[in-house]
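S.K.: Task: produce atomic coordinates for the following.
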Amino acid sequence: MSSKQQRFSSTLQIAAKSRTHTAAPLPPLSALPTKVLLRSLLVSTISSKPLLLGPSLWLMSILSKPNRGWLTNVDRNPILHGILKKTFYEQFCAGETDAETRATIRELKDMGFRGVIMTYAKETVFDHHTNTQQGLGIAALDAKNNDDPLHPRVAHCANIEAWQKGTLETIKQLSDGDYLAMKLTGAGPIVTEAFSKGELPPTQMLDALDEICRRCKERNVRILVDAESHHFLLGMRRTTLDLMRKYNHDGYALIYFTYQAYLKSTPATLERHMAAAQQEGFTLGLKLVRGAYIASDERSLIHDTKQDTDDAYNGIAQGVLKQSFGKFGTETTFPSVNLFLASHNKASVVDAHQLHKQRTAAGLPTVPVGFAQLHGMSDEVSFSLLQLKGVDGTPEVYKCSTWGTMGECLAYLLRRAIENRDAVMRTTDEYNALKAEFGRRIRAAFSFSSS
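M.R.: Below you'll find the predicted structure:
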């Protein structure tokens, strides 16, 4: 950044912090550093304009395909890498190195967030349309043969080892109260093959998960098992419930599973898992999202309309907060549940927080709840929640990010772009809010400089 640009940015920042003595409260986005505001405005401009977003989606889908030549390989082409790094990557991702990631975490916490949710970018996406799966950032590494009782042909898998190493490195970046988000399919094809059959993964993977859980418990870092392609969910659910049985006790969830409200089957799945928690005496970790694999999952599995998805999301969130969902809380005792609401819908999260606050104040039963939005998205929602924070420290608001090389993060970036395309109203609202904040700072800067 040139000295002239630095002076302009500093003036905007000073203006944003000035005149705090006035009665009118500052808008939520006033907490954004100017450099983040400007980058957000650029990305939001692209996301809210179909003529700009369409070509961007097409280009990113090309770049995310495997076996690319030098020209379209984002990790080898310095020009392409530089353009993407300073725009979409820095908007939505934490860093390509440990140092970059730690700097981003510090920046987010300095903005007032309770903590961060961090994930290692390796994953596998199953495309229902082509009946194929694509491993992002996963090398074609061989596994040696052995006598593994779960998978007799598998002894040591280099992909599992690489995924475990990357996940453990992620834990080192986190501190007390943060969350680790795990993409289990990042461990490669041997693991995803087991998941697609509804089986447990190889012993090596189970041992890796045990070590990850122990390390997180030592650092007071909780674990969110991320939502992934529906093709893998059966085995993922089975594996995660086993971890909950082992580590989630006494009203505290170390492990959460992510439930996607856009799947028609989610309420029934959740009832089955709540029944298991009730009968077996463990705490169910419930992270609720709307869903992000609409471009690759089988469409018939997903609600027909956005309103149906919204109703499902709000019904689950409100029901759990009231401790009344399905037969639980009415016909039978409500199980021990910890809730985490990840949503960019302002009405959903604000209503949920107000309900939790009201029930707590009235001494009515409820469950612990946290809130999160993705890094680089819905900052107006995030900072609106932060402005509601009371003396009890609630709501606890987090930003969820991912780290890894540009190539490893492309699938994640593509999903963020698709999510912005599909959430037209929200994206437009974000764009307008960012423009309004930029205009406010410009007006304040001129007023400040002339006073």
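S.K.: Assign Ala181 to helix, strand or coil.
M.R.: Assigned by DSSP: H, G, I helix; E, B strand; the rest coil, the conformation of Ala181 is strand.
S.K.: So Thr87 sits against Ser40, correct?
M.R.: No. With contact defined as C-beta atoms under 8 Å, Thr87 does not count as touching Ser40 (10.7 Å). Just so you know, the C-beta spots here come from the backbone N, C-alpha and C atoms, and that holds for glycine as well.
S.K.: Compare those two (neighbour count), which wins?
M.R.: In this view Thr87 and Ser40 are compared by other C-beta atoms under 10 Å, and Ser40 has more residues nearby, 24 against 15.
S.K.: how close does the more buried one get to Ser447?
M.R.: 23 Å (C-beta to C-beta, to the nearest Å).
S.K.: before we move on, what about Ala372?
M.R.: Taken as C-beta to C-beta, the spacing of Ala372 relative to Ser447 amounts to 36 Å.
S.K.: give me phi/psi at Thr170?
M.R.: Per-residue torsions, Thr170: phi -60, psi -40 (degrees, to the nearest 10).
S.K.: what number of residues lie near it?
M.R.: Neighbours around Thr170, by other C-beta under 10 Å: 24.
S.K.: That one - nearest residue in space that isn't next to it in sequence?
M.R.: For Thr170, ignoring the flanking residues on the chain, the nearest one in space by C-beta to C-beta, 6 or more residues apart in numbering is Tyr120 at 4.9 Å.
S.K.: Gly404 too?
M.R.: Taking C-beta to C-beta, 6+ apart, and ignoring the residues beside it in sequence, Gly404 has Ala121 as its nearest neighbour in space, at 3.2 Å.
S.K.: contacting residues around that neighbour?
M.R.: The neighbourhood of Ala121, defined by C-beta atoms under 8 Å, 6 or more residues apart in numbering, consists of 93, 136-137, 183, 186, 402-405, 408-409, 411-412.
S.K.: if we can go back for a sec, looking at Ala372 and Ser447, which is more packed in?
M.R.: Applying other C-beta under 10 Å to Ala372 and Ser447 shows that Ala372 carries more neighbours, namely 29 against 12.
S.K.: That one - that's part of a helix, no?
M.R.: No. The assignment for Ala372 by three-state DSSP gives strand, which leaves it out of any helix.
S.K.: Across the sheet, point out what pairs with it.
M.R.: Ala342, Tyr398 (DSSP bridges).
S.K.: Distance of it relative to Glu199?
M.R.: Counting by C-beta to C-beta, the separation of Ala372 from Glu199 is 31 Å.
S.K.: One more: Asn73?
M.R.: Between Asn73 and Glu199 the computed distance is 35 Å (C-beta to C-beta).
S.K.: and if you look at Glu90?
M.R.: Glu90 sits 39 Å away from Glu199 when distances are taken as C-beta to C-beta.
S.K.: Those two - which one has more neighbours?
M.R.: When Glu90 is set against Glu199 and neighbours are counted by other C-beta under 10 Å, the residue ahead is Glu90, at 19 against 15.
S.K.: Help me confirm that Thr45 comes into contact with Thr428.
M.R.: No. The criterion here is C-beta under 8 Å, and Thr45 misses it with Thr428 at 11.1 Å.
S.K.: Any idea which residue is closest to the centre of the chain?
M.R.: Cys400 (4.5 Å; C-alpha atoms, centre = their mean).
S.K.: Return the backbone torsion pair for that residue.
M.R.: As for Cys400, its main-chain torsions (degrees, to the nearest 10) stand at phi -100, psi 120.
S.K.: list the contacts for it?
M.R.: Contact criterion C-beta under 8 Å, 6+ apart gives 116-119, 179, 181, 342, 372-375 as the residues in contact with Cys400.
S.K.: can you count the residues close to Asp98?
M.R.: Neighbours of Asp98 under the rule other C-beta under 10 Å: 13.
S.K.: err, Arg440, not the other one
M.R.: By other C-beta under 10 Å, the residues close to Arg440 number 17.
S.K.: now stretch 105-116, how far from the centre of its chain.
M.R.: Its chain's C-alpha centre and that of stretch 105-116 lie 15 Å apart, by C-alpha atoms, centre = their mean, to the nearest Å.
S.K.: For that stretch, list the C-alpha coordinates in CSV.
M.R.: Taking only C-alpha atoms (Å, rounded to 0.1, in the frame of the first residue of the first chain), the coordinates of stretch 105-116 have been written out as CSV:
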residue,chain,number,x,y,z
ILE,A,105,-7.1,-15.2,14.2
ARG,A,106,-5.7,-12.2,16.2
GLU,A,107,-7.4,-9.8,13.9
LEU,A,108,-10.8,-11.5,14.3
LYS,A,109,-10.5,-11.6,18.1
ASP,A,110,-9.5,-7.9,18.2
MET,A,111,-12.8,-7.2,16.5
GLY,A,112,-14.6,-8.5,19.5
PHE,A,113,-15.4,-12.1,18.6
ARG,A,114,-15.4,-14.7,21.4
GLY,A,115,-13.2,-16.9,19.3
VAL,A,116,-12.7,-18.6,16.0
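S.K.: Average pLDDT for that stretch, rounded please.
M.R.: Average pLDDT, stretch 105-116: 95.
S.K.: buried sites along stretch 306-323?
M.R.: Applying a neighbour-count criterion of 16 or more other C-beta atoms under 10 Å, one finds 309-310, 312-314, 316-323 buried in stretch 306-323.
S.K.: So which of the contacts of Ala121 sit within helices?
M.R.: If you go by DSSP state H, the contacts of Ala121 have 408-409, 411-412 in helices.
S.K.: Mind picking the lowest-pLDDT entry from those?
M.R.: For the ones in helices among the contacts of Ala121, the least confident entry is Ala411, with 75.
S.K.: Brilliant, that's me finished.
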